[in-house]
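In: predicted model, plus sequence, below.
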Amino acid sequence: MTTMTLLVLLIAGHIMADFYLQPSHWISQRTQRHFSAPCLYWHGGVHGLIAALTLALLTDLHPLKVAAYALLLGGSHIVIDGLKSYAGSSMKAFLADQLAHIVVIGFVVLLVWQPEQATISAWLKQSLNYKTLAIMTGYLLVLRPVSIVIKQILAPWSNAIEADKPDEESETTLQAAGQNIGYLERVLVLTFILLNQFAAIGFLLAAKSVFRFGDLRQSEDKKLTEYVMLGTLTSFALTIAVGLLVSSLATQLPVGK
């Protein structure tokens, strides 16, 4: 079994235990009672059991090592979830909680590795190459950098739109919702390009047109409609350009072949 296979299986077991084998009343009890909630320890036990079964069935580890690694995964889950219960149910707390679990799983996989291979530098040399880095850079580009470029391109029209709108109408949507929609939109477009699914890009554009441009048409504001269309097409065009460049470097992907 390869190291990556073991990592994926342990993460799959984590997802099963965290999202399918955890009743809702366990979560409520943990949120209210924190470390004094018995369900917190039952939940950690479920994680440890799944990890133990995975390691025992799919590796040649000594039973004592299997028990030790399973105890590490189950115990760390108890500690992380217990601390997370004090932070509430915010998205930041959820992401930090899941990231902490993944880090622990990755650490266990490193321990399971053969001693001569069990170094972070060896893993980095194996996993990171110019193709992987090109993809990572592409996703970084389509977020803040492209957003800034779009803002600069649309600046003349943005000033005109703001001049026509009263101050009380400038905050009619959720704060930063438009920016976050743009981030998600560009991540999806880049992903579709890397998977050679150009038809999905057209579907995404059509879906956005139905929901967004329909409301603009009803508002009878031609200038605002044209501004939104210009912003959307600029966003798509820049992301497609980045996607084609990245796919030309990462030749193992469909577009790059």
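Out: In hand now; what should we look at?

In: for Trp113, see how far away Thr132 is.
Out: Using C-beta to C-beta, to the nearest Å, Thr132 is found at 20 Å from Trp113. Bear in mind the C-beta positions are built from the backbone N, C-alpha and C, glycine included.

In: so those two - more neighbours on which side?
Out: Between Thr132 and Trp113, counted using other C-beta atoms under 10 Å, the more crowded position is Trp113 (15 against 12).

In: give the contact list for the more buried one.
Out: Trp113 makes contact with Thr3, according to C-beta atoms under 8 Å, 6 or more residues apart in numbering.

In: so where does Ala199 fall, helix or strand?
Out: Element membership of Ala199 [criterion: DSSP states H and E] is helix 198-208.

In: from the middle of its chain, how far away would that helix be?
Out: Helix 198-208 sits 21 Å away from the centroid of its parent chain (C-alpha atoms, centre = their mean, to the nearest Å).

In: low pLDDT regions in the stretch 101-250 of the chain?
Out: Scanning the stretch 101-250 of the chain for pLDDT under 70 picks out 114-128, 160-176, 211-224.

In: helices of the stretch 101-250 of the chain, start to end?
Out: Here the stretch 101-250 of the chain has its helices, by DSSP state H, counting those that start in this stretch, at 120-127, 130-141, 144-153, 155-164, 177-194, 198-208, 214-219, 222-249.

In: out of the ones you listed, nearest to Gln22?
Out: helix 177-194 (27.4 Å; C-beta to C-beta).

In: what helices and strands are in contact with the helix holding Ala199?
Out: Here helix 198-208 touches helix 177-194, helix 222-249, going by 3 or more C-beta pairs under 8 Å, 6 or more residues apart in numbering; DSSP states H and E.

In: wait, which of these is closest to Val146?
Out: Comparison of those against Val146 by C-beta to C-beta identifies helix 222-249 as nearest, at 5.1 Å.

In: can you put the helices of the stretch 101-250 of the chain in TSV and add distance to Leu6?
Out: Formatted as TSV, the helices of the stretch 101-250 of the chain follow (distance: least, C-beta to C-beta, whole Å):
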stretch	distance to Leu6
helix 120-127	13
helix 130-141	20
helix 144-153	35
helix 155-164	51
helix 177-194	26
helix 198-208	32
helix 214-219	49
helix 222-249	29
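
In: so which of those helices is nearest Val109?
Out: helix 120-127 (9.0 Å).

In: what residues go with each domain of this protein?
Out: Listed by automatic domain parsing, the domain ranges of the chain are 3-120, 130-256.

In: quick one: distance of the first one to the chain centre.
Out: If I follow you right, that is domain 3-120. Computed by C-alpha atoms, centre = their mean, the chain-centroid distance of domain 3-120 equals 19 Å.

In: the helix holding Ala199 vs helix 222-249, what angle?
Out: Orientation of helix 198-208 against helix 222-249 (axes from the mean of the first three to the mean of the last three C-alpha atoms, to 10 degrees) gives an angle of 160 degrees.

In: which residues touch helix 198-208?
Out: Under the criterion C-beta under 8 Å, 6+ apart, residues Glu185, Leu188, Val189, Phe192, Ile193, Thr232, Phe236, Ile240 lie in contact with helix 198-208.

In: hey, C-alpha coordinates of that helix in PDB?
Out: Extracted C-alpha coordinates of helix 198-208, given in PDB (Å, rounded to 0.1, in the frame of the first residue of the first chain):
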ATOM      1  CA  PHE A 198     -15.700  23.700 -21.000                       C
ATOM      2  CA  ALA A 199     -19.400  23.000 -21.400                       C
ATOM      3  CA  ALA A 200     -19.800  23.400 -17.600                       C
ATOM      4  CA  ILE A 201     -18.400  26.900 -17.900                       C
ATOM      5  CA  GLY A 202     -21.200  27.800 -20.300                       C
ATOM      6  CA  PHE A 203     -23.700  26.300 -17.800                       C
ATOM      7  CA  LEU A 204     -22.300  28.400 -15.000                       C
ATOM      8  CA  LEU A 205     -22.500  31.500 -17.000                       C
ATOM      9  CA  ALA A 206     -26.100  30.700 -18.100                       C
ATOM     10  CA  ALA A 207     -27.100  30.000 -14.500                       C
ATOM     11  CA  LYS A 208     -25.600  33.300 -13.300                       C
END
